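> Here's a sequence, model it:
(2 chains)
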2 protein chains.
Amino acid sequence: YDIPLLQKPASRSSSPPSAPPPHQETARTARYIAHQSDWGHLATISNQDKIKGLPFGNIFSVSDGPADNSTGVIYFYVTPMDTTVSDLRSNPHASLTFSEAEGEFCRQMAFDPEDPRCARLTLTGKMVEVAPEEVAFAKEAMFSRHPVMAKWPVGHKWFFMKLDLIQVWLQDWTGGISLVPLEDYFKATPF
Amino acid sequence: YDIPLLQKPASRSSSPPSAPPPHQETARTARYIAHQSDWGHLATISNQDKIKGLPFGNIFSVSDGPADNSTGVIYFYVTPMDTTVSDLRSNPHASLTFSEAEGEFCRQMAFDPEDPRCARLTLTGKMVEVAPEEVAFAKEAMFSRHPVMAKWPVGHKWFFMKLDLIQVWLQDWTGGISLVPLEDYFKATPF
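Numbering: from 1, shown residues only, chains lettered A, B, ... in the order given. As a prediction, the model looks like this:
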């Protein structure tokens, strides 16, 4: 991607807590996006009548941990009544995509959402129900960042899921994408 | 979805140009979201080595027409170098998802992004290259709303695609989702 590069903004290389890490640090950038994002797009294979077997997308609020504790594992709070959750029973594989365009960064930098410097992160894996011993943490992760969820109607049989990762795909600069090794992703921190 | 309903905000039922239409008008709401959104999430079936056959998601800037002209047809400006465009050569089916959380509406209303009143629209169909006689319109649609694209490097062999619709899926209120008939979708206007 050979368009003329802007100067790196000072806020990006000096890295105060709220600014993205330097783009060369791909594992850290991936963890930063995964931690900062409150919601993302989940792509699944549909089981709906008219589009069976086709890709489908839906929106979920997420958390990889409370604001001061990042795990890199993405948690969800879902109901079996949701179209996507129903799709996941037929095919549990999914990709979760975040864009820096969800926040203020790209607008502030005047990056078009499709500009590769407006970073996007796609985590691909298998959606699984959170095991009983991990539910307390998933609950803290979700409810601390989405407090209203604690009041959602119990009749909808809400439960916690998480994404078991297969691949971490990141585009955070011009010049191509990065496949971040899982080990590097989990070793890095967004802080 | 039986949580206590908030009063409908005045801004939503009186419908000045920048506010969403009343939620009962599902075709109009779908067209409103499709027209107002500058970017969305495209779900495809991946052809990448490690995740072949699994769902993948990526971010694209889009336009259904210039600001004062809405078609309901979603246009894209893409390069063959893009991961998703490469995936589409193996399987052209895709879903494009928009969320009202992309703009200010849900934050202003204090709707969590997963709250069903923070509307989401998923358009499913087949991604096709725009025919020569339609390229002038696609170009006007895209470049009027994403002016920087006109300057993107020609070496990347940019071209225009659009989504040929199969299904319009909308969640814009509590109480379940709407499948909007294509005829109603195209007949409605967002204005």
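> alpha carbons only for contacts and neighbour counts from here, please
Fine.
> Figure out the helix or strand that residue A:28 lives in.
helix A:26-36 (DSSP states H and E).
> Off-centre distance for that helix?
In terms of CA atoms, centre = their mean, to the nearest Å, the centre of helix A:26-36 is set 9 Å apart from its chain centre.
> other SSEs contacting it?
With contacts taken as 3 or more CA pairs under 8 Å, 6 or more residues apart in numbering or on different chains; DSSP states H and E, helix A:26-36 sits against strand A:120-129, strand A:159-171, helix A:182-187.
> now the angle from that helix to strand A:120-129?
60 degrees (axes from the mean of the first three to the mean of the last three CA atoms, to 10 degrees).
> and residue A:30, how many neighbours?
32 (other CA atoms under 10 Å in any protein chain shown).
> same check, this time on the one 10 residues further on
Neighbouring residues of residue A:40 were enumerated by other CA under 10 Å; the total is 26.
> One more: residue A:172?
25.
> Could you do residue A:108 as well?
Around residue A:108 there are 9 residues (other CA under 10 Å).
> Now do the SS call for it.
helix (DSSP: H, G, I helix; E, B strand; the rest coil).
> Spell out which residues of chain A are next to chain B.
Residues of chain A that fall close to chain B, judged by CA under 8 Å from any CA of the partner chain: A:1-3, A:39, A:41-45, A:50-51, A:54-61, A:93-97, A:99, A:101-102, A:112-114, A:120, A:122, A:124, A:146, A:148, A:152-153, A:156, A:166-167.
> I only care about those that end up buried; give me the PyMOL line for that.
Restricted to buried positions by 16 or more other CA atoms under 10 Å in any protein chain shown, the PyMOL selection for the residues of chain A next to chain B reads:
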select buried, chain A and resi 39+41+42+43+44+45+51+54+55+56+57+58+59+60+61+93+94+95+96+97+99+101+102+112+113+114+120+122+124+146+152+166+167
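> out of the residues of chain A next to chain B, which are inside strands?
A:39, A:41-45, A:55-61, A:93-97, A:99, A:120, A:122, A:124, A:166-167 (DSSP state E).
> Where does the prediction get shaky in chain A?
Within chain A, the ranges that satisfy pLDDT under 70 run A:1-18.
> which one of the helices and strands packed on helix A:26-36 lies closest to residue A:78?
strand A:159-171 (5.5 Å; CA to CA).
> what does the closest one rub up against?
A:26, A:30, A:73-79, A:116-117, A:119-130, A:135, A:138-139, A:177-182, A:185, B:50-51 (CA atoms under 8 Å, 6 or more residues apart in numbering or on different chains).
> cutoff 7 Å now
With CA atoms under 7 Å, 6 or more residues apart in numbering or on different chains as the test, strand A:159-171 has contacts from A:30, A:73-79, A:116, A:119-130, A:138, A:177-180, A:182.
> do stretch A:73-92 as well
Residues contacting stretch A:73-92 (CA under 7 Å, 6+ apart): A:45-47, A:58, A:61-64, A:126-127, A:138, A:156-163.
> List buried residues within these.
Buried, going by 16+ other CA under 10 Å: A:45-47, A:58, A:61-64, A:126-127, A:138, A:158-163, out of the contacts of stretch A:73-92.
> Name the SS class of the nearest residue to residue A:186 once chain neighbours are set aside, please.
With sequence-adjacent residues excluded and distances taken as CA to CA, 6 or more residues apart in numbering or on different chains, residue A:186 is closest to residue A:72, at 6.2 Å. On the three-state scheme (three-state DSSP), residue A:72 is labelled coil.
> Identify the residues contacting residue A:72.
A:31, A:34-35, A:64, A:186.
> quick one: which of the residues you listed is most hemmed in?
residue A:34 (29 neighbours).
> Please report how far it lies from residue A:96.
10 Å (CA to CA, to the nearest Å).
> And for residue A:126?
Residue A:126 is 10 Å from residue A:96, by CA to CA.
> again, but for residue A:70
17 Å.
> Same check on residue A:61?
11 Å.
> Which neighbours do those two have in common?
residue A:40.
> quick one on the thing from earlier: give me the buried subset of the contacts of strand A:159-171.
Taking 16+ other CA under 10 Å as the criterion, what is buried in these is A:30, A:73-79, A:116, A:119-130, A:138, A:177-178, A:180.
> can you give me the offset of stretch A:164-178 from its chain's centre?
12 Å.
> Between the two ends of that stretch, how far is it?
With CA to CA as the measure, the ends of stretch A:164-178 fall 19 Å from one another.
> again with stretch A:148-163
22 Å.
> Quick check: the gap between residue A:121 and residue A:111.
Taking CA to CA, one finds residue A:121 at 16 Å from residue A:111.
> nope, residue A:59 is what I was after
Taken as CA to CA, the span from residue A:59 to residue A:111 is 23 Å.
> Might you report the residue contacts of the closest residue to residue A:122 other than its chain neighbours?
What sits nearest to residue A:122 in space, not counting adjacent residues and going by CA to CA, 6+ apart, is residue A:97, at 4.3 Å. Going by CA under 7 Å, 6+ apart, residue A:97 touches A:40-42, A:120-123, B:57-58.
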